[in-house]
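**Q** Structure for the following, please:
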Amino acid sequence: MDKLIETAPLYRKYLTDIFIIGTPLLVIPFVYSTQLLDPALIPKFLATAIYLIFFLLLISRKMTGSDAGFFSIAGNSIFLFYILYFFVSGISLLYTSNFAEGLFEWLKIGLSLILLLSLTVYYQDSKDFGFNSAKAITCLSFIISIAGLLQFFILANGQVITHQDSYNITLTFAHKNLLAQILSLTIPFSIYCSFRCRNWLKIISTLSVFGSLCLVIICLSRAVWLALIIGTCSTIVLYFIVESGKLGLPLLKRRWRSLLLVIIVPLIALTISVSIYSEYGAVDTFKKQISSISDLHYGSAKDRIQLWGKSAQLIQESPILGSGLGSWEIEILKFGARGMKSEDGVIFYQRPHNDFVWIFCETGILGFGCVVLIFIVLLRYIIRILRVSDKSQTRLFYYLIFFGLCEYVVIACLSFPKERIEHAIFLSFLIAPIIIKRHQLSNARIPKTTFEKNGIILAFVFLLFAISIGFQRMFSEYHVKKALIAREKFDYKKIITEVDKAESLFYTLDPMSTPISWYSGSAHFRLGNVPEAFADFKRSYELHPYHVHCINNLATSHQLLGNQDEALRLYKEAIHLYPRVEDARINLSIIYLDQRKNSMAYQMIRGIQSDTKNSKVHAILNKILPAKVDSMLAAPDGGELEEPLTRIKNNKDWIIDIHFKSVKNNCPFERQIMRDARYLLENS
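**A** Predicted coordinates for the structure are as follows:
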């Protein structure tokens with residue numbers, strides 16, 4: 001009986017650890033809903049907020065009856081800069097152009113801060129928090145690597161694998177690159193477990209490292225490849241810096257098996273992954289991805305550089321305070337899309353694919369400085385821990401934590417981990433052991449204060465608010481998805497009904513940066529409700545004044561309501577921002593035709609590419625081009641080519657082909673048709 005009483009607290013501790021560590025690492029990553037446009041973001045946000053409510057209850061219970069200051073650990077520099085970043089971001093909501101998305105982003109920052117603070121406070125005296133976290137992360141790695149590989153083989157099914165096919169390997173992470181990033185962040189923890197664990201856990205850990213590497217390679221995520229390479233090189237450099245004076249043949253002899261394993265497993269994973277691509281006839285796909293890493297003038301690398309250049313322009317506008325949280329996706333478009341993929345108004349960028357640039361744009365040098373200082377302090381803490389720790393297992397763990405942080409920084413420079421909840425969770429589990437170990441080394445304690453109780457209450461209020469906003473956003477996104485399904489079925493009344501249910505102060509744009517009122521405006525327009533359409537288009541333009549469809553449709557509404565001057569201004573604005581957008585060019589050319597400004601109408605149409613499928617382009621050209629030929633025939637030197645020019649003029653397809661040929665050759669239509677007429681004359 002006494003033995004049962006003694007073991008009861010151990011069981012409670014074991015179950016508590018399973019909840020605290022297991023929930024964010026083994027449950028939340030799999031929270032997913034196909035009923036939403038982004039099936040992962042909001043569900044994981046809500047799950048994290050609800051989990052933190054219960055976590056705070058556990059902390060409150062642990063604090064009860066204790067005179068010790070639980071929050072003394074929060075007095076270090078990392079939390080100081082983190083809290084400052086949280087407040088700077090919150091203040092930016094006062095002047096952001098995108099309050100709904102900015103508020104959601106701020107709530108995510110708050111969740112990350114509360115999670116990190118809760119982990120460090122609860123486990124500040126723990127000696128095995130890092131090891132227990134590593135075991136949970138290793139289990140996650142094993143599950144998702146096996147599931148991801150199975151998904152890959154099911155998708156392959158004996159077919160040739162292309163780069164586009166790899167985007168279907170997502171599991172519950174919404175995108176294959178996000179899956180690859182999470183897998184790469186699990187690798188340091190799995191490596192640690194493979195060295196420290198015994199028996200079946202050691203086997204699972206080794207298989208997790210191997211499976212994660214294979215799937216990362218198969219996912220063709222170049223940012224993750226670079227993260228692994230740079231993380232490895234940086235860790236080796238840190239090792240030689242810290243271990244200077246301790247190196248030598250005895251050390252290498254003592255650890256040769258471990259070093260050999262670290263080298264062999266990645267090589268085997270690389271060999272097998274390449275063999276898999278070879279088996280499915282996709283070696284060229286793999287080679288192309290590798291060669292494109294250094295090609296800065298093609299594909300996503302080119303897009304990123306262009307986005308960073310435009311982001312620099314945005315930073316220059318407000319370098320101290322930034323443009324406001326959540327505003328990048330709107331404000332960046334004011335600089336136009338010339339020369340980018342988005343030039344035709346089909347693609348819209350929601351983020352700059354660099355978290356540090358993103359933070360600088362939205363929160364200025366203050367927010368950016370706080371985030372950079374967090375990582376600098378973390379590096380300082382790691383070096384100190386490595387220099388004072390004499391246990392090899394402890395040193396190995398913190399070398400691997402450094403490796404994971406390097407991976408995260410590289411990924412943050414090339415992607416957008418700050419947007420995703422699962423990445424925030426992993427960052428917290430990378431940072432928490434560093435803060436805890438540094439706190440244990442300093443052994444700093446302060447008495448309990450009323451601030452601790454008030455801080456818990458404030459955190460509860462914040463989480464309840466976050467849950468409320470999360471459910472409202474989930475409700476809105478659910479109805480937006482139903483509206484988009486109705487749009488595919490041309491059910492315009494259903495679109496209007498669903499958008500009316502969806503729009504609120506806390507949800508105004510869909511995940512593609514389109515104002516949801518634009519969808520209801522388009523539906524009203526199709527139903528012939530011009531005044532209602534105008535009201536919705538005006539609302540969408542106010543929400544996103546640089547969105548090409550909002551500009552173009554508002555201009556069309558103005559045109560139908562007789563406000564031609566405003567319509568002209570808006571069409572010109574759309575073309576200035578998106579030079580290749582077809583609808584605005586067509587609509588503006590029609591206005592010019594009505595005003596008998598054929599030359600200006602033709603200049604608008606010349607900006608449309610030859611692969612257009614819009615029948616209006618051919619109709620407009622058939623009104624303009626014959627008149628151009630007539631002018632040429634009336635000229636004094638037009639007599640010689642009268643017969644071939646007349647033949648071309650009377651053939652609608654022929655004259656349009658010559659127009660597009662002149663566009664392709666970048667020469668005036670008159671010169672091109674003269675060349676073709678002369679060739680026809682000489683060879684007839």
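
**Q** For the rest of this, base every contact and every neighbour count on C-alpha atoms.
**A** Will do.

**Q** In terms of secondary structure, what does the one helix or strand residue 43 maps to contact?
**A** Using DSSP states H and E, residue 43 falls within helix 41-63. Contact analysis of helix 41-63 by 3 or more C-alpha pairs under 8 Å, 6 or more residues apart in numbering; DSSP states H and E lists helix 99-122, helix 421-442, helix 450-488 as its packing neighbours.

**Q** buried set for that helix?
**A** 41-49, 51-53, 55-56, 59, 63 (16 or more other C-alpha atoms under 10 Å).

**Q** Hmm, residue 214 and residue 187 touching each other?
**A** No. Using C-alpha atoms under 8 Å as the test, residue 187 is too far from residue 214 to be in contact (11.5 Å).

**Q** Show me which of these two is the more surrounded one.
**A** residue 187 (27 against 23; other C-alpha atoms under 10 Å).

**Q** How about the backbone phi and psi for that one?
**A** The phi/psi pair for residue 187 (degrees, to the nearest 10) reads phi -60, psi -50.

**Q** what's near enough to touch the closest residue to it other than its chain neighbours?
**A** Among residues not flanking residue 187 along the chain, residue 209 sits closest, at 5.6 Å (C-alpha to C-alpha, 6 or more residues apart in numbering). By C-alpha atoms under 8 Å, 6 or more residues apart in numbering, the residues touching residue 209 are 141, 187, 190-191, 265.

**Q** Relative to the whole chain's centre, how far out is stretch 236-246?
**A** When C-alpha coordinates are averaged (C-alpha atoms, centre = their mean, to the nearest Å), stretch 236-246 and its chain have centres 35 Å apart.

**Q** next one: stretch 114-128
**A** 29 Å.

**Q** Can you tell me what sits against it?
**A** 52, 55-56, 59, 70-71, 73-74, 79, 129, 425, 428-429, 431-433, 435-437, 439-440, 459.

**Q** now residue 330, nearest residue through space, not along the chain?
**A** residue 544 (6.1 Å).

**Q** thought the one you found was touching residue 550?
**A** Yes. Residue 544 is within contact range of residue 550, at 7.4 Å (criterion: C-alpha under 8 Å).

**Q** Between these two, tell me which one has more neighbours.
**A** Neighbours per residue, other C-alpha under 10 Å: of residue 544 and residue 550, the larger number sits with residue 550, 28 against 25.

**Q** Quick check: closest non-adjacent residue to that one.
**A** residue 541 (5.3 Å).

**Q** do residue 203 as well
**A** Nearest residue to residue 203, sequence neighbours excluded (C-alpha to C-alpha, 6+ apart): residue 194, at 7.2 Å.

**Q** Which residue lies nearest the spatial centre of the protein?
**A** For the chain, residue 416 is the residue whose C-alpha lies nearest the centre (C-alpha atoms, centre = their mean; 4.2 Å).

**Q** Against residue 542, how distant is it?
**A** 27 Å (C-alpha to C-alpha, to the nearest Å).

**Q** before we move on, what about residue 24?
**A** Distance of residue 24 to residue 542, given as C-alpha to C-alpha: 39 Å.

**Q** gap between residue 315 and residue 350?
**A** For residue 315 relative to residue 350 (C-alpha to C-alpha), the value is 17 Å.

**Q** before we move on, the earlier item: mean pLDDT and mean neighbour count added to the helices and strands packed on helix 41-63, as a markdown table?
**A** As requested, the helices and strands packed on helix 41-63 are exported to a markdown table (pLDDT from 0 to 100; neighbours: other C-alpha atoms under 10 Å):
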| stretch | mean pLDDT | mean neighbour count |
| --- | --- | --- |
| helix 99-122 | 96 | 22 |
| helix 421-442 | 94 | 21 |
| helix 450-488 | 92 | 18 |
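
**Q** Among those helices, which comes closest to residue 626?
**A** Closest approach to residue 626 among these (C-alpha to C-alpha): helix 450-488, 38.6 Å.

**Q** ok, then the element right after that closest one?
**A** Next along from helix 450-488, by DSSP H and E: helix 492-502.

**Q** what residues does that following helix touch?
**A** Identification of contacts with helix 492-502 by C-alpha under 8 Å, 6+ apart yields 475-480, 482-484, 486-487, 516-517, 519-520, 523-524, 526-527.

**Q** mind listing what's buried in the helix or strand hosting residue 139?
**A** In the assignment (DSSP H and E), residue 139 maps to helix 129-156. The neighbour-count check on helix 129-156 (16+ other C-alpha under 10 Å) flags 129-142, 144-149, 152, 156 as buried.

**Q** re earlier: just to check, the residue nearest to residue 203 is in contact with residue 208?
**A** No. Assessed by C-alpha under 8 Å, residue 194 is found out of contact with residue 208, at 9.1 Å.

**Q** quick one, which of these two is more surrounded?
**A** The neighbour comparison of residue 194 against residue 208 (other C-alpha under 10 Å) goes to residue 208, with 30 against 24.

**Q** OK, contacts around that one?
**A** Per C-alpha under 8 Å, 6+ apart, neighbours of residue 208: 138-139, 141-142, 145, 187, 190.

**Q** quick check, nearest of those to residue 204?
**A** residue 142 (7.0 Å).

**Q** State the distance from the closest one to residue 190.
**A** 9 Å.

**Q** tell me, what's touching the two both at once?
**A** With C-alpha under 8 Å, 6+ apart as the test, residue 142 and residue 190 both reach 205, 208.

**Q** worst-scoring helix or strand of the chain, pLDDT-wise?
**A** Least confident helix or strand, the chain: helix 249-254 with a mean of 48, by mean pLDDT, DSSP states H and E.

**Q** coming back round to it: give the phi and psi angles for the residue nearest to residue 330, as a check.
**A** Dihedral pair for residue 544: phi -140, psi 80, per degrees, to the nearest 10.
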